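Participant: got a predicted model here, sequence first, then my questions.
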Amino acid sequence: MNCKPGDLAVSIGTKNAGRFMRVLYAAPYHDFTLPNGSGAVAATVPSWVVELLDGTLMVDRMDGSRVAVRIGVARDSQIRPIRDPDEELDLCRDAEVQS
């Protein structure tokens, strides 16, 4: 997966590209409750529970209504972590040493 819990991330490749978020934890592959108390359906692809850092996002509910949310689920393929380039370099070196 691209991210890890605690990462700051940015959304890519969606109509909401450029939104900033904090990665909380991996979304489970069963229905679950988000930290804000709202329900979420099971992830079908690798996904994360995230908290938006730059406002709210309007989402469609199953009953047809729309609601503003700050916490939700984002597909791993549609977010990228924002990390210190030196940290990334260290991670690459560690992987080379272990192989």
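Facilitator: Right, received. Where do you want to start?

Participant: all contacts plus neighbour counts: C-alpha atoms, from now on.
Facilitator: Will do.

Participant: burial count for the nearest residue to Arg70 once chain neighbours are set aside?
Facilitator: Nearest non-adjacent residue to Arg70, counting by CA to CA, 6 or more residues apart in numbering: Thr56, 4.8 Å away. Neighbour count for Thr56, taken as other CA atoms under 10 Å: 14.

Participant: pLDDT at Thr56, what is it?
Facilitator: At Thr56, the model reports a pLDDT of 90.

Participant: residues in contact with it?
Facilitator: Ala68, Val69, Arg70 (CA atoms under 8 Å, 6 or more residues apart in numbering).

Participant: outside of stretch 71-87, which residues touch it?
Facilitator: Under CA under 8 Å, 6+ apart, the answer for stretch 71-87 is 1-3, 7-14, 27, 34-36, 45-52.

Participant: distance between it and the chain's centre?
Facilitator: 6 Å (CA atoms, centre = their mean, to the nearest Å).

Participant: buried ones in it?
Facilitator: Ile71, Gly72, Val73, Ala74, Arg75, Asp76, Gln78, Ile79, Arg80, Pro81 (16 or more other CA atoms under 10 Å).

Participant: what is the mean pLDDT for that stretch?
Facilitator: Stretch 71-87 comes out at a mean pLDDT of 86.

Participant: just the CA trace of it, in CSV.
Facilitator: Only the C-alpha atoms of stretch 71-87 are listed here, as CSV (Å, rounded to 0.1, in the frame of the first residue of the first chain):
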residue,chain,number,x,y,z
ILE,A,71,-13.8,11.6,8.1
GLY,A,72,-14.3,9.0,5.4
VAL,A,73,-12.7,6.3,3.3
ALA,A,74,-10.2,6.8,0.5
ARG,A,75,-8.8,4.2,-1.9
ASP,A,76,-5.1,3.6,-1.5
SER,A,77,-4.6,4.0,-5.2
GLN,A,78,-6.1,7.5,-5.1
ILE,A,79,-3.9,9.0,-2.4
ARG,A,80,-0.2,9.6,-2.0
PRO,A,81,1.8,10.2,1.2
ILE,A,82,3.6,13.5,1.8
ARG,A,83,6.9,12.6,3.4
ASP,A,84,10.3,14.1,3.9
PRO,A,85,12.4,13.2,0.9
ASP,A,86,15.3,12.3,3.3
GLU,A,87,12.9,9.8,5.0
